[in-house]
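**Student:** Predicted structure and sequence below. I'll ask about it afterward.
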Amino acid sequence: MHYLSHWLACGVVVPLGVLAGGAGDTLAADLGPPAPVSEAPVVSGWTYRFTPYGWLTALKGTQTVRGRSVKVDASFIDIVEKSDTLVALMGDFEARNGPIALFTDVVWSQIGVEGGNVRSRALAPGVTGTLGTSLNLDIEMAIVEVGGAYEVARSGPLAFDLLGGARYWYQEADLSLAIAAAVDVGDLQIAGARAFARSGSVDWLDPMIGARVRYAVAPGHELFLRGDIGGFGVGSDFSWQAIGAYGFELGTYQGVTFSGVIGYRALSVDYAQGEGRRRYEFDMLQHGPVLGISARF
């Protein structure tokens, strides 16, 4: 991606989907409401849609940095209220011609999770001592999806698409820990009463496959569901994503049709590399409401 006035003030151009084509499109956008599945005129050539959106993300799972593991359970409100760091840029773009669509989705975020929502867990093999109290976790993360979709079936207002592509992940994580007497801090950076475990740059690429279903409730209004799975041991061990959204047209200005979208997105990934003090793991579910406005031309 899946942050509005207060969230936008925090820098959230509010994680996440696939974009549809023009007014005659038969292929829906993941986070932008497509044209009605039925009773749409046939338009030849390419049409385009751009959707800046907001994914109000919560985090739940485990983060391991240099063999030190913590359990994270933070809602979007927790992150907004208790963190000094909350920056995000998110957007979709889709180009479409007939039943074929090419899409890309970008989510970049810099999130800080305060100690009340971070708990120490067992150390990785080869790391000795106790961590003490976890103070906070800062994650810089980019998620980029690229792929294509094809409409394989349609019956009245109901349409079914298959999609495939890849999801690229980039992360840097800093884990801040209170120093306890029993901690082995030989490979950590020390600043005052804190020890910092820094991951450095970590990235991987996951193949993904999925499907989406669209239902035209009324002209300009559509209910949309998407699901995909990926990883398969190529990058991460496994990942999955589910999106449900409702799209509605707002109006047309100078040939550009503007639409709104509301929905919910969940994205889970289980990735790990290295052992002992080189262990990095991101086993996390990111989920929350999605809000956006799209421009179709």
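**Tutor:** Sure thing, it's come through.

**Student:** So residue 77: helix, strand or coil?
**Tutor:** Secondary structure, DSSP: H, G, I helix; E, B strand; the rest coil: residue 77 is helix.

**Student:** what about it, distance to residue 289?
**Tutor:** Noted for residue 77: a distance of 12 Å to residue 289, by CB to CB, to the nearest Å. Placement of C-beta: from N, CA and C, glycine included.

**Student:** So those two - more neighbours on which side?
**Tutor:** residue 289 (18 against 10; other CB atoms under 10 Å).

**Student:** neighbours around the nearest residue to the more buried one once chain neighbours are set aside, how many?
**Tutor:** Take residue 289 and drop its neighbours on the chain: the residue closest to it by CB to CB, 6 or more residues apart in numbering is residue 56, 4.8 Å away. For residue 56, the count of nearby residues is 24 (other CB under 10 Å).

**Student:** What ranges in the stretch 151-297 of the chain fall below the confidence cut-off?
**Tutor:** 178-196 (pLDDT under 70).

**Student:** repeat for the stretch 1-150 of the chain
**Tutor:** Flagging of the stretch 1-150 of the chain using pLDDT under 70 yields the residue ranges 1-44, 82-87, 116-134.

**Student:** where exactly do the helices run in it?
**Tutor:** 5-9, 76-82 (DSSP state H, counting those that start in this stretch).

**Student:** Can you show me the CA trace of the last one as PDB?
**Tutor:** It refers to helix 76-82. Output of helix 76-82 as PDB, limited to C-alpha atoms (Å, rounded to 0.1, in the frame of the first residue of the first chain):
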ATOM      1  CA  PHE A  76      -3.400   2.700  13.700                       C
ATOM      2  CA  ILE A  77      -4.500   4.900  16.600                       C
ATOM      3  CA  ASP A  78      -1.700   3.500  18.800                       C
ATOM      4  CA  ILE A  79       0.800   4.400  16.000                       C
ATOM      5  CA  VAL A  80      -0.700   7.900  15.500                       C
ATOM      6  CA  GLU A  81      -1.000   8.800  19.200                       C
ATOM      7  CA  LYS A  82       2.200   7.300  20.600                       C
END
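
**Student:** What residues of that helix count as buried?
**Tutor:** Within helix 76-82, the residues that count as buried by 16 or more other CB atoms under 10 Å are 76, 78, 79, 80.

**Student:** Same question for stretch 207-215.
**Tutor:** Neighbour-count burial for stretch 207-215, counted by 16+ other CB under 10 Å, picks out 207, 208, 210, 212, 214.
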